[in-house]
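[1] Structure for this input, please:
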Amino acid sequence: MKKYIFSTIILFLLTGFFSCKKYLDINDNPNQPTEPPINGLFGNICQGTMLNEFRAANVSSYYVQYLASSNTASPTDIYDLIDASSLWTNLYNIMTDAYALNEIAEQKGSPHHQGLSKILMSINLKIIHDFWGDAPYSEALNYATYTPKFDKAEDIYTQCIQLLDDGIALLQKPAAGASLDASLDFIHGGNISKWIKTAHLLKARLLNQKSKKSDYSADNVLNEINSAYTSSVDDAVVTKFDVRNPWAQVAVNNSNLELDGWLSQYYVVSMRDTAYGIKDPRLPLETNLTVYGDYRGTRNGIGRGTSSGTQNRESVLTTNGWFSSTNSPFIMASFDEAKFIAAEAYFRKGLKPEAYAAYLDGIKINMDKMGVSAANRDAYLALPAVAVGAANLTLVNIINQKYKALFLQHETWNDIRRIDYQLPGFQMPANAVTSNYVRRLVYPNIEMSRNGGNTPKISDITQKLWWDQ
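    Below is the predicted model:
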């Protein structure tokens, strides 16, 4: 894992202010504040949550074959076991801060800070739920024990939803207590209305994730979507970075010959599939042409072969790409995602005309946001493989277009698992060490060493999590 830098402003605000309450009780200094500035803590959680979204996607992007390693038989490419201790640790660090923010905000009578702490807690907790399943939560954040029990994944899922419900209720209260510093809200700039919409979209995600379970309710999903975004202006997006967008750092690393951010063969072919006449106008915005005057991905598990990685023979994330330039927006939730969730819910209700309209809207909204010309957008929407018509629309059509629109977002790993990896043309990586697709991560070494007595012994990453069964 590469190191990414938090905002220097946030670090300055927090340095010397925040540590475990357990130790503050022992080392109480009456001349030093014993809690961090509430807005500085909130800003740190916003920034840290964005980075955790990136860290999660930097794992899952190889599993869904957005990216491929330049090295032959890289563990993430071939479904070998990986130690995601860094991701795990950073998730719990930010959740610990969110727990502290909730307590401080409650003490200060600041319902908006408290509500935001719960929404941000839910975002980080959901990543743990989605990647590992069972995990410490109920005993993990209050320092009561160094060896917290593992809560069942189903209970964590319920907690994620409850946190969002509680967050919405708190944000609907009048502002009180400490004022929210909009300059330190790196996601919505202090706009509480947008935060409420985001919470509803996050809840729709969670409800939609249970599509394989008997108690799945498309109506409940649509109810949340109806309270979520109404345009791309509402998107949860980070645009302020201490140095650059984290995907831009990946592109910089590659340009400095650290060979990172190579696009997979599957992704490039899916965007430029000549067999189906697909010529997706978004691909030129995401990467540059190779020396051959075309786009060429790298086969997962094969690596670069005889290429040195310096001759521009492969398609990679570039420093001028829409997702990977210095000031590119880092997208955490979006209006186009909401449309694709709605399309799936309508489809599962048997309302194909409504599903088809939402499906087309999702594509259009995404292309408009990326700056695709109207002519190129409409030409793509008219392709037979895209303009399938309401009667012929399938769930795979919806998830396939969502996969392309949500490029480099870890939520697509959930989608692909829910349809059992049945994307058109998707195949196991070369040199795979398993005979089935990856469904989860093993528990990281850091948790095994600190809390081995409670940590489940998992060695099979093809084992489905509860919602995937």
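
[2] rest of the way, CA atoms for contacts and neighbours
    Will do.

[3] Okay, now the unreliable bits of the protein?
    Filtered on pLDDT under 70, the chain yields the residue ranges 1-35, 275, 305-310.

[4] all strands for it, in order.
    Secondary structure of the chain (DSSP state E): strands located at 67-68, 236-238, 262-263, 330-333.

[5] then the last one to CSV, C-alphas only?
    In this case it means strand 330-333. Provided in CSV are the C-alpha atoms of strand 330-333 (Å, rounded to 0.1, in the frame of the first residue of the first chain):
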residue,chain,number,x,y,z
PHE,A,330,-13.1,11.7,-6.2
ILE,A,331,-16.6,10.3,-6.4
MET,A,332,-18.1,8.6,-3.3
ALA,A,333,-21.8,8.5,-4.4
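
[6] What number of residues are in the vicinity of Tyr92?
    19 (other C-alpha atoms under 10 Å).

[7] Which residue is the nearest non-sequential neighbour of the spatially most central residue of the chain?
    The chain has His410 as the residue nearest its centroid, 3.9 Å off, counting by C-alpha atoms, centre = their mean. Excluding the flanking residues, the one nearest His410 by C-alpha to C-alpha, 6 or more residues apart in numbering is Ala57, at 4.4 Å.

[8] how close does that neighbour get to Tyr292?
    29 Å (C-alpha to C-alpha, to the nearest Å).

[9] Mind checking which of those two has more residues around it?
    Between Ala57 and Tyr292, Ala57 has the larger neighbour count (other C-alpha under 10 Å), namely 22 against 10.

[10] That one touches Leu408, doesn't it?
    Yes: the criterion here is C-alpha atoms under 8 Å, and Ala57 meets it with Leu408 at 6.2 Å.

[11] hmm, back to that, does the residue nearest to the centre of the chain really touch Arg55, like I thought?
    No: the criterion here is C-alpha under 8 Å, and His410 misses it with Arg55 at 9.1 Å.

[12] number of nearby residues for Asp165?
    When neighbours are counted by other C-alpha under 10 Å, Asp165 comes out with 18.

[13] what about the residue lying closest to Lys213 once chain neighbours are set aside, how many residues close to it?
    In space, and not counting its chain neighbours, Lys213 is closest to Trp467: 6.8 Å by C-alpha to C-alpha, 6+ apart. Using other C-alpha under 10 Å, Trp467 has 18 other residues around it.

[14] just checking, Trp467 touches Gln209?
    Yes: at 7.0 Å, Trp467 counts as touching Gln209 under the criterion of C-alpha under 8 Å.

[15] quick revisit: take the strands of the chain and lay them out in TSV including mean neighbour count and distance to Leu222.
    As requested, the strands of the chain are arranged in TSV below (neighbours: other C-alpha atoms under 10 Å; distance: least, C-alpha to C-alpha, whole Å):
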stretch	mean neighbour count	distance to Leu222
strand 67-68	32	32
strand 236-238	21	19
strand 262-263	28	34
strand 330-333	22	16
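
[16] Which residue ranges of the stretch 101-250 of the chain form helices?
    Under the criterion DSSP state H, counting those that start in this stretch, the stretch 101-250 of the chain carries helices at the ranges 111-131, 153-171, 192-208, 218-226, 246-255.

[17] what's the single longest helix in this protein?
    helix 38-63 (DSSP state H).

[18] Show me where the stretch 351-469 of the chain has its helices.
    So, for the stretch 351-469 of the chain - with DSSP H, counting those that start in this stretch - the helices run 352-370, 374-381, 395-405, 411-418, 445-451.

[19] Out of these, which is closest to Trp88?
    helix 445-451 (8.5 Å; C-alpha to C-alpha).

[20] buried sites along the closest one?
    Buried residues in helix 445-451, counting neighbours by 16 or more other C-alpha atoms under 10 Å, are found at Asn445, Glu447, Asn451.

[21] Excluding chain neighbours, what is closest to the second one?
    Just to be clear, that refers to Glu447. Per C-alpha to C-alpha, 6+ apart, closest to Glu447 is Thr455, 7.1 Å.

[22] try Thr239
    Using C-alpha to C-alpha, 6+ apart, the nearest residue to Thr239 is Pro329, at 4.9 Å.

[23] Just give the number of residues close to that neighbour.
    19.

[24] mind listing what it touches?
    Val237, Val238, Thr239, Asn245, Phe323 (C-alpha atoms under 8 Å, 6 or more residues apart in numbering).

[25] Compute the distance between it and Trp247, please.
    Where Trp247 is concerned, Pro329 sits at a distance of 10 Å (C-alpha to C-alpha).

[26] what is in contact with these two at once?
    Phe323.

[27] Ser231: neighbouring residues, count only.
    Ser231: 12 neighbours (other C-alpha under 10 Å).

[28] Thought Phe335 was touching it, still the case?
    Yes: contact criterion C-alpha under 8 Å: Ser231 and Phe335 qualify, at 5.8 Å.

[29] returning to what we had before: format the contacts of Pro329 as TSV; extra columns: distance to Pro136.
    Listed next are the contacts of Pro329 as TSV, based on distance: C-alpha to C-alpha, whole Å:
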residue	distance to Pro136
Val237	29
Val238	28
Thr239	32
Asn245	30
Phe323	33
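
[30] Let me know the closest of those residues to Asn256.
    The closest of the contacts of Pro329, once distances to Asn256 are taken by C-alpha to C-alpha, is Asn245, at 16.6 Å.

[31] ok, the closest one to Met367 distance?
    21 Å.

[32] the more surrounded of these two?
    Asn245 (25 against 22).

[33] returning to that earlier point: take the strands of the chain and write them to CSV, including distance to Leu201.
    Output for these, formatted as CSV (distance: least, C-alpha to C-alpha, whole Å):
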stretch, distance to Leu201
strand 67-68, 27
strand 236-238, 10
strand 262-263, 29
strand 330-333, 8
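
[34] need the contact list for Thr434.
    Taking C-alpha under 8 Å, 6+ apart, one finds Ile78, Tyr79, Asp80, Thr462 in contact with Thr434.

[35] Drop anything exposed from the residues you listed.
    Ile78, Tyr79.

[36] which of the contacts of Thr434 sit farthest apart?
    Ile78 and Thr462 (12.2 Å).

[37] Give the burial count for Gly452, as a bare number.
    Residues near Gly452, counting by other C-alpha under 10 Å: 14.

[38] Give me the buried stretch members for stretch 83-101, please.
    Buried-residue list, stretch 83-101, by 16+ other C-alpha under 10 Å: 84-88, 90-101.
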